[in-house]
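[1] sequence below, structure please.
(2 chains)
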Amino acid sequence: MAQKQLLLGDEALALGALHAGLSGVYAYPGTPSTEITEFIQAHPLTRDRKVHCAWSANEKTAMEEALGMSFAGKRTLVCMKHVGMNVCADPFMGSATTGANGGLVVAACDDPSMHSSQNEQDSRFWGTFALVPVFEPSSQQEAYEMMRSAFEYSESRGIPVLMRLTTRLSHSRAAVQCADDSDALPQNALKLPKDERQWCTLPANARVRYRQLVQDYARFEQDAAESPYNRLQDGPDRSLGIIACGIAYNYLMENYPDGCPHPVLKISQYPFPKELIVKLSGMCDRILVLEEGQPLLEERMHGVFATGVRVSGRLDGSLPRTGELSPDCVRQALGLPANKEFPASAVVAPRPPALCKGCGHRDLFTALNAVMKKDYPQGRAFSDIGCYTLGWLPPFEAIQTCVEMGASITMAQGAAYSGLWPAVAVIGDSTFTHSGMTGLLDAVNEKSDITVCISDNLTTGMTGGQDSAGTGRLEAICEALGVDPAHIRTFEPLPANYPEMERILREEIEYHGVSVIISRRECLQTLRRHAKK
Amino acid sequence: MKQDIILAGVGGQGILSIATVIGSAALSQGLYIKQAEVHGMSQRGGDVQSHLRLSSDPIHSDLIPHGAADMIVSLEPMEALRYLPYLSPEGWIVTNTVPFQNIPNYPDIDKVLSELQRLPRAITLDVEAAAKEVMSPRSANMVLLGAASSVMGILDPAKLRDGIRRIFSRKGDAIVDANIKAFDAGLKLSGQCRK
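    The predicted structure follows:
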């Protein structure tokens, strides 16, 4: 019996995976992807079927673990936010060479408009780059259904599938028609790859395999042209033809409640179905390309798929070059009159996010400012990704940099070598185990003159409080990496402890080697949750 | 028939429980629903909003177009004004009047309230006081939902009460009753707080 459930796009994808016989999810939390793994962790099928669902240390380890599961013949899902793709780029590119044995789906959730991210990246590029097919659902229902198709496709073509979502699908709920849990497909049995050669990417093997992959890619393109997820529908007004990728299709249809008068090509499976694109171009005077993210197809329309037809989109100013699409900007690009609206209010002030009242990061920044601003104004604090990045904002303005996961320790090291002193790093516990440990090893080997503050709130805070890989073992990890135990210091960040905190910070800044200060107090959000239990 | 609602507030105020109740009621009525929300960094004391769309016909966009919202429902008065361009010329604003002042440059509250009063259709009330009055101090968001239900054509109050029962039943009868009382208080007050 089918039933309707109200699900986020992330949750629909997760349920689709479980119902398609998933054996394991591997992930590191990151907005807007986190809810995929959390849904799987909480689902009864996961317990009954012993589906792997523990968080990984980072996206690279997650991707590799999943690759191992695929090698063993099982269906597996890797989840991350778009920048996680950079972290796992090496095994992801490698997985195109090894291919997939058990179905392997990599879900990348992009965040155009940077609601909670440091950049805009369109993960569809990875598909073209790695020669891997990409699925891009346009609705929650499609997200649910596509998981099964993606696993089947991955196994039938022996290739990983990249599943691309964006914020507005990941974090939007809709009623999804889904199967009962009792009708979930059985999990795959352990089954080794038919040809194990391609799983060892020695040049001799990789060359053979890469030639094969390039041939396969032409096949993927043909599959996309025949896919039920890519649909060319005709319309009476051929002065304009529209190509809508992923959720852009919804913004198009929103503006034509009685049906679109123009021919439309809806794309949700890649490589781009060249055949259909050329066909549409031949039918219409002008093509408008709607794609959430970067103008990947639009650029091709000018080059690779050039048919001489006039092309509009993000590159000619019809649509904004940056940021996510909306029904309104698509409406404008379609040349439809704007809706009547109230003018924006002049009294409204911005309300940026802020650290919670009483948060331990606040106390660390207060003490750090008391030391740095007073005694070491020439010094700099290099920081990292997490709630504590908000320490850049007033009233703290305690940190000066944030680039990507782990860059605090390594940038401090480079700056210290260049003569900057004091060079302080501020990094969270989960970010430290994600990508900070190897940088600390470099610093130890070089005897860098840096002071590393690990702001340990015992959780992965910014994404809602997931387990942090090094909880309870940070001192042991730092010592094992070679930091002198005399210079691994710990304090509890509380106003009552400011004198002690400032003294320790001063002492370790004055020590001309690698020191690690662990500022440890539980995240207030997880503390509240634990208290309720 | 459709109802497009912008839910607004400050992270932690409880707009998502309002969305959950409406969503449950809509699903039981066989309505189409889409609800886009913001997670992540903006939870922390920043502005939060959710686009909630209900319709008897399939819904395409997860986002509400400008000038199309039938209602802005806000737990904070300045946050209600933030989304004004989304409001349809015939739309309602239903908002709490008590400011949440966690920024140094929060505008003069009288200016905020008088701008709300200048709008053609607004229901403004102190939802926290109303919740305390009926001994349900933690259900201020349900007071707001009750007030909004008076102008929400697509779902009648009885269906929303059923939604409250379903969503809060896990937490026991006392919690369900407190939320229903708060909802009814908001519904009752909506008449006199309307302009």
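
[2] as a quick check, tell me the outermost residue of chain B.
    B:Pro104 (25.6 Å; Cα atoms, centre = their mean).

[3] surely that one is in a strand?
    No - B:Pro104: not assigned to a strand; according to DSSP: H, G, I helix; E, B strand; the rest coil it is coil.

[4] quick check: it vs A:Arg351, distance?
    Between B:Pro104 and A:Arg351 the computed distance is 11 Å (Cβ to Cβ, to the nearest Å). Any C-beta I mention is one placed from the backbone N, CA and C, and that applies to glycine too.

[5] got it, and A:Ala62?
    34 Å.

[6] looking at these two, which one has more neighbours?
    Between A:Ala62 and A:Arg351, A:Ala62 has the larger neighbour count (other Cβ atoms under 10 Å in any protein chain shown), namely 27 against 22.

[7] would you mind listing the buried residues in whichever helix or strand that one is part of?
    Assigned by DSSP states H and E, A:Ala62 belongs to helix A:59-71. Using 16 or more other Cβ atoms under 10 Å in any protein chain shown as the test for burial, helix A:59-71 gives A:59-67, A:69-71.

[8] please apply the same query to stretch A:523-533.
    A:523-527.

[9] again with stretch A:500-508
    Per 16+ other Cβ under 10 Å, stretch A:500-508 contains these buried residues: A:501-502, A:504-506, A:508.

[10] please apply the same query to stretch B:159-171.
    B:159-168.

[11] so which of those residues sit within helices?
    Of the buried residues of stretch B:159-171, the ones assigned to helices by DSSP state H are B:159-168.

[12] adding distance to chain A and pLDDT, write the residues you listed out as CSV.
    Shown next, in CSV, are those (distance: Cβ to the nearest Cβ, whole Å; pLDDT from 0 to 100):
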residue, distance to chain A, pLDDT
B:Lys159, 15, 95
B:Leu160, 16, 97
B:Arg161, 19, 97
B:Asp162, 15, 96
B:Gly163, 11, 95
B:Ile164, 16, 96
B:Arg165, 16, 96
B:Arg166, 11, 94
B:Ile167, 11, 93
B:Phe168, 15, 94
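
[13] report the central residue of the chain.
    No chain was given, so I picked chain A. In chain A, the centroid-proximal residue (Cα atoms, centre = their mean) is A:Lys81; its distance is 0.8 Å.

[14] look at chain B instead
    When Cα atoms, centre = their mean is applied to chain B, the residue found nearest the centroid is B:Val73 (3.4 Å).

[15] kindly state the beta-bridge partners for that one.
    B:Leu7, B:Val94 (DSSP bridges).

[16] isn't it right next to B:Gln13, touching?
    No - using Cβ atoms under 8 Å, B:Val73 makes no contact with B:Gln13, being 11.7 Å away.

[17] thought B:Glu139 was touching B:Ala130?
    That one is not Glu; residue B:139 is Ser. No - with contact defined as Cβ under 8 Å, B:Ser139 does not reach B:Ala130; the gap is 9.6 Å.

[18] ok, these two, which is more surrounded?
    Between B:Ser139 and B:Ala130, B:Ser139 has the larger neighbour count (other Cβ under 10 Å), namely 31 against 24.

[19] and the more buried one, what does it touch?
    B:131, B:178-179, B:181-183 (Cβ atoms under 8 Å, 6 or more residues apart in numbering or on different chains).

[20] for A:Ile477, same thing?
    A:Ile477 sits next to A:433, A:437, A:470 when contact means Cβ under 8 Å, 6+ apart.

[21] could you look up the SS state of the first one?
    Read it as A:Thr433. Assignment for A:Thr433 (three-state DSSP): helix.

[22] tally of neighbours for it?
    For A:Thr433, the neighbour count with other Cβ under 10 Å is 23.

[23] show the pLDDT at A:Ala531.
    Per-residue confidence (pLDDT) for A:Ala531: 87.

[24] where's it, which helix or strand?
    helix A:524-532.

[25] near chain B at all, that helix?
    No - Helix A:524-532 stays clear of chain B (Cβ under 8 Å from any Cβ of the partner chain), getting no nearer than 8.9 Å.

[26] let's see that helix as PDB, backbone CA atoms only.
    Extracted in PDB, the C-alpha atoms of helix A:524-532 (Å, rounded to 0.1, in the frame of the first residue of the first chain):
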ATOM      1  CA  LEU A 524      24.300  25.000  24.800                       C
ATOM      2  CA  GLN A 525      22.000  23.500  22.200                       C
ATOM      3  CA  THR A 526      23.100  20.000  22.700                       C
ATOM      4  CA  LEU A 527      23.300  20.600  26.500                       C
ATOM      5  CA  ARG A 528      19.600  21.600  26.500                       C
ATOM      6  CA  ARG A 529      18.700  18.500  24.400                       C
ATOM      7  CA  HIS A 530      20.700  16.200  26.800                       C
ATOM      8  CA  ALA A 531      18.900  17.700  29.800                       C
ATOM      9  CA  LYS A 532      15.500  16.900  28.300                       C
END
